[in-house]
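Chemist: here is a sequence together with a model predicted from it:
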Amino acid sequence: MTPASQPLLSVENLTVTFPGESGRVPVVDGVAFAIGRGETLALVGESGSGKSITALALMRLIPKPGRIEPGSRIRFAGRDVLEMDVPEIRAFRGADVAMIFQEPMTSLNPVVPVGAQVAEAVRLHEPVSMAAARARALETFALVGIPDPQQRLDAYPHQLSGGLKQRVMIAMALAMRPKLLVADEPTTALDATIRAQILAVIRDVARRTGTAVLIITHDFGVVNEVADRVAVMYAGQIVEEGTRHELLRAPRHPYTQGLLRSIPRPEARGGRLEEIKGIVPRPGHWPQGCRFHPRCPYVFARCREQWPVRRSVSATQGAWCHLLDEEAAP
Amino acid sequence: MAAFLLRRVAYGALTILGVLLLLFVLFFAVTDPDDIARKAVGERARPEVYQQWKKNHGYDRPLFLNRAHDAGSLARYTDTLLYEHFRTMLTFDFGRSDADDSPIGERLWQGAGPSLSLTLPLFLIELVVAVAIGLMVAFFRETAIDRVVLVACIFTMSVASLLYIIAGQYVVGILLKWFPISGYDGDGTVVWRFLALPVLVGVVSGFGSDVRLYRTIFVEEMGRDYVRTARAKGAGDARVMVGHVLRNALIPIITNVVVAIPFLFTGSLLLESFFGIPGLGAMTVEAIQGNDFATLRVMVYLGALLFILGQILTDLSYALADPRVRLS
Amino acid sequence: MTMLQNLLVLTLLLGAGLVVRAAARDRFWRETAREMWRRRPVAIVVVGLYLLVGLADSISWVGGAVEGDPMSGFRARSLVDRLFVPEAFKEASYSAPFAKTAFYGGAPLQHPGQHWLGTDLLGRDVVYRALKGVRVALLIGGLTTLVVIPVALLFGVSAGYFGRRVDDAVFFLMTVLSSVPPLLLLIALIMVLGKGTIQVCVALGITGWVHFCRLSRGESLKLRETDYVAAARVLGVSDLTIIRRHILPNMAHLIIITFALTFTSMVLSETVLSYLGIGLEGSWGQMIDQARNELSRTPVIWWNLFAAASLLFVLVLCVNLIADALRDVMDPRTRTEAR
């Protein structure tokens, strides 16, 4: 499943726990995936699936009292992220991996001009002068397509539109030309018209700079726009992965199928909206066996008892579902 | 923004008028000028003495309508206590003390210096200490340090300031003999010795509630998204706390602090009177103990005036500190 | 007069009983009480003790003369008075705690070893005087606050909920009153009204009213904009009912915490007033003020100050601790149910 060359990012058995009513509860449970250089992976799931926490874990930004459990492995460009000491992880953040968040409104410091914030991203990693950092910021502003970049350097966040703010966030993230950009629902808080623009910016910039992208989303439209590969998360676990083409055309996991079916289509006007029956279980209250089984239209006995293991469907596609037990190659 | 400030100043002026009215009601309507005269001159003087005293101190007019003048003449309304009260207060013509006839205005000038020499260092030191401790406990929130400091704050807040002064004077002044327990020598090089103890007592008695307030502000800022962004950029703890959290938290802190600035002038009643510092606070205490209503009236008026000034200053500094307000 | 006081105390007790019964029926209050008991049992017990003493000192009647004091049969004496029998339990002047002889001179005491915290200048037992101060403190803090809060609520909620003219008027009133430094206003009020118990309480009430009024105004303004209030108005629910059912219950936590904080601030303010000579008779502030000079003597006379200061400190500390825990327990952000 992983690209032939050494992957840029390799995550294995990632488990993140939070304190619950009785002991610690895993919110991300044994997740594994990889991203190759310059590749864009979309991590798809509903709210509560654990996808945002997965993204935060990559940079060790899990808020207390959350904890990455021992046994998890995150390797980036050959280095063990979880073993890094504090100065290393700080040098790592922003320079090797950078992250942009969902709410550009609150993610920028309201009392500092945006140019200075981007310059800070540079000066945290390189001993350059303020002027040099500003020049870099200007350069990156142009890279993400901010009009009138010179003017905008001294603007405050509240003076910019949502789309512009998000471009600033992207610029800030890319200022040190990281190898991986993590984007946590970057377009969810934006107007529909701006959404396409920002996705285009991400896609173009990634292509031009060769940056790998991990994009977190719940929207398959976003997947279609930018992703090379897709991984679907449910209840803290990955349930299916594959190329964009494979997953959008022929998903094998009932959950993915349900998600795609529930996207309203103009041709189907007048009919009922499709839904996946039931609700997402809360962390710690997961059903036995396959976590999706209570909502699955194809459930049978084994689903209630055993966790499914990954079954390959092709060289690049795989799903965690008992339906594939007979068909798949081991 | 200019329009906003103008509105604030206008409202402030209106408030001053309201305060003056309140003071009038308190000091003239509820209190009988005869009583004041009696307290000043003594119980057994002849009626003419009272009358003369009242005349000297401007108490011999009727409250708000002087029927001695013809209806329709201006003097009917201006030759009254109400008018005189407003006029003198608004023109800062403070007259003389009821107790010892000294000119109030002059004594105000004399007292301002010593008051400032106490309250200014106290204010600055307390601010720095409370912000530093608040920042520290916010950073260490939920840990043992945080809990210990919080409980310590509740403890220090629960002690009456009177007790701090007494204890301070006793322990530091008498037992340890580090500083003199009271007195004031205005000479610049020596005066700090007299100020050290009151400033220390003032800081200890006040910082408890401030630390808790600042801690709350800091913790709230620390939970904001831009802090997460800063960490994601690779910023270390120091940079995050000072460059981001403090910078933003300054806005509500300033609101809290600037209001107090005008009070630097009126001084602290307790500290000054206990430690023998001849400032405006001590003047007020004397006025209370001497039933000097005239001085008391002026002190209360000044306090209100300075407070309203403080509010306007706060709005101004808020606008300067927060670009969102400044640039709208 | 004492009959009136006794009746007042009885009505207070009855009122408190009714409130507790009504609260016990509601799950939220039961859980809050349980949680509070879990966190601060000691503070709650201590405050309870204070309340008991204050109560005991508030119930008084005439009768039962005491040996050695012919007037005692005609004076109303409270439970505390009867327990300590101060008229008989006196000495000539100062004596140290548990002492057998007088502090100055060394003459043998009338009740050697029985004065746990010694006696004061007039020979009165210090423990007795300190306990008498409990009622005064509860009066200043508790009673005054009990009166201030409904009045402030009335003004504040009206201002916040009804807005516009009402709000303008109340806001202006609040601004004027709060512009005067509270201590100065307090002093001015007392100078003007006189130095009796009621006057001091009224003065404290007037200065303490503004803070809570502003708080309740702010909260009602916020709550007025919530969806459920908007829904209620659309449904045609009367304003009074909305206030009763939606606004006030959501301010309950604020009310209780403010009660505790106002209580402590008033009790502490009174000590300053006592220093200035305009405090309440028999209060700890007065005892502290009187005891100040005793510290400079050698050997030092410390027990007067110690008794008043510790009783004051412990009460304020416990109330502060309770208020602090209350704030954590009742924080609407940690509650999961809407009301």
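Modeler: Sure thing, it's come through.
Chemist: low-confidence regions, the stretch 201-328 of chain B specifically.
Modeler: B:266-267, B:327-328 (pLDDT under 70).
Chemist: rerun that using 90 as the cut-off
Modeler: B:201-210, B:212-213, B:215-217, B:219-223, B:234, B:236-238, B:242-243, B:247, B:250-328 (pLDDT under 90).
Chemist: now the helices: where do they sit in it?
Modeler: B:225-232, B:237-238, B:247-258, B:263-266, B:269-274, B:280-289, B:293-321, B:323-326 (DSSP state H, counting those that start in this stretch).
Chemist: now the second one, how far from the centre of its chain.
Modeler: I take that to be helix B:237-238. Distance of helix B:237-238 from the chain centroid (C-alpha atoms, centre = their mean, to the nearest Å) equals 36 Å.
Chemist: let's have the helices of the stretch 201-328 of chain B in a markdown table, adding distance to residue A:192 and mean neighbour count.
Modeler: C-beta: built from backbone N, CA, C; applies to glycine. Converted to a markdown table, the helices of the stretch 201-328 of chain B look like this (distance: least, C-beta to C-beta, whole Å; neighbours: other C-beta atoms under 10 Å in any protein chain shown):
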| stretch | distance to residue A:192 | mean neighbour count |
| --- | --- | --- |
| helix B:225-232 | 23 | 22 |
| helix B:237-238 | 39 | 10 |
| helix B:247-258 | 31 | 19 |
| helix B:263-266 | 54 | 22 |
| helix B:269-274 | 63 | 26 |
| helix B:280-289 | 64 | 24 |
| helix B:293-321 | 36 | 21 |
| helix B:323-326 | 27 | 15 |
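Chemist: format those as JSON lines; extra columns: distance to chain A.
Modeler: Below are those laid out as JSON lines (distance: least, C-beta to the nearest C-beta, whole Å):
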{"stretch": "helix B:225-232", "distance to chain A": "4"}
{"stretch": "helix B:237-238", "distance to chain A": "9"}
{"stretch": "helix B:247-258", "distance to chain A": "6"}
{"stretch": "helix B:263-266", "distance to chain A": "27"}
{"stretch": "helix B:269-274", "distance to chain A": "36"}
{"stretch": "helix B:280-289", "distance to chain A": "37"}
{"stretch": "helix B:293-321", "distance to chain A": "8"}
{"stretch": "helix B:323-326", "distance to chain A": "5"}
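Chemist: nearest to chain C, out of these?
Modeler: When those are compared by C-beta to the nearest C-beta, helix B:293-321 sits nearest chain C, at 4.1 Å.
Chemist: the closest one versus helix B:247-258: what angle between them?
Modeler: With axes from the mean of the first three to the mean of the last three C-alpha atoms, to 10 degrees applied, the angle from helix B:293-321 to helix B:247-258 works out at 170 degrees.
Chemist: ok, now which ones touch residue 200?
Modeler: In the absence of a named chain, this looks at chain A. Residue A:200 makes contact with residue A:225, according to C-beta atoms under 8 Å, 6 or more residues apart in numbering or on different chains.
Chemist: um, chain C though
Modeler: Residue C:200 is in contact with C:140, C:190, C:270, C:273, C:278, C:279, C:280, counting by C-beta under 8 Å, 6+ apart.
Chemist: give me that answer again for 10 Å
Modeler: Counting by C-beta atoms under 10 Å, 6 or more residues apart in numbering or on different chains, residue C:200 makes contact with C:139-140, C:144, C:186, C:189-190, C:193-194, C:266, C:269-270, C:273-274, C:278-281, C:283.
Chemist: what do you get for residue B:104?
Modeler: When contacts are counted by C-beta under 10 Å, 6+ apart, residue B:104 touches B:93-98, B:283, B:287, B:292, B:294-295, B:297-299.
Chemist: what would those residues look like in TSV with distance to residue C:111?
Modeler: Listed next are the contacts of residue B:104 as TSV, based on distance: C-beta to C-beta, whole Å:
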residue	distance to residue C:111
B:93	62
B:94	57
B:95	57
B:96	55
B:97	50
B:98	49
B:283	47
B:287	44
B:292	46
B:294	51
B:295	48
B:297	51
B:298	52
B:299	48
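Chemist: closest to residue B:150 among those residues?
Modeler: residue B:299 (36.3 Å; C-beta to C-beta).
Chemist: show me what contacts the nearest residue to the closest one once chain neighbours are set aside?
Modeler: In space, and not counting its chain neighbours, residue B:299 is closest to residue B:284: 4.7 Å by C-beta to C-beta, 6 or more residues apart in numbering or on different chains. Remark: with contacts taken as C-beta under 10 Å, 6+ apart, residue B:284 is in contact with B:111, B:266-267, B:269, B:272-273, B:292, B:295-296, B:298-300, B:302-303, C:181, C:183-184, C:187, C:276.
Chemist: please apply the same query to residue A:259.
Modeler: Residue A:259 neighbours (C-beta under 10 Å, 6+ apart): A:44-46, A:218, A:220, A:232, A:234, A:240, A:247, A:251, A:253, A:274, A:276.
Chemist: which among those residues end up buried?
Modeler: Buried members of the contacts of residue A:259, counted by 16 or more other C-beta atoms under 10 Å in any protein chain shown: A:44, A:45, A:218, A:220, A:232, A:234, A:240, A:247, A:251, A:253, A:276.
Chemist: restricted to helices, list those residues.
Modeler: Counting by DSSP state H, the part of these found in helices is A:220, A:247.
Chemist: now the buried ones among the contacts of residue A:259 as TSV including pLDDT and distance to chain C?
Modeler: Converted to TSV, the buried ones among the contacts of residue A:259 look like this (pLDDT from 0 to 100; distance: C-beta to the nearest C-beta, whole Å):
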residue	pLDDT	distance to chain C
A:44	92	30
A:45	88	25
A:218	89	25
A:220	88	32
A:232	93	31
A:234	91	25
A:240	92	34
A:247	89	37
A:251	90	36
A:253	91	33
A:276	81	26
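Chemist: of the buried ones among the contacts of residue A:259, closest to residue A:284?
Modeler: Nearest to residue A:284 among the buried ones among the contacts of residue A:259 is residue A:234, at 15.2 Å by C-beta to C-beta.
Chemist: look up how far residue C:138 lies from the closest one.
Modeler: 60 Å (C-beta to C-beta, to the nearest Å).
Chemist: same thing with residue C:92?
Modeler: According to C-beta to C-beta, residue C:92 stands 32 Å off from residue C:138.
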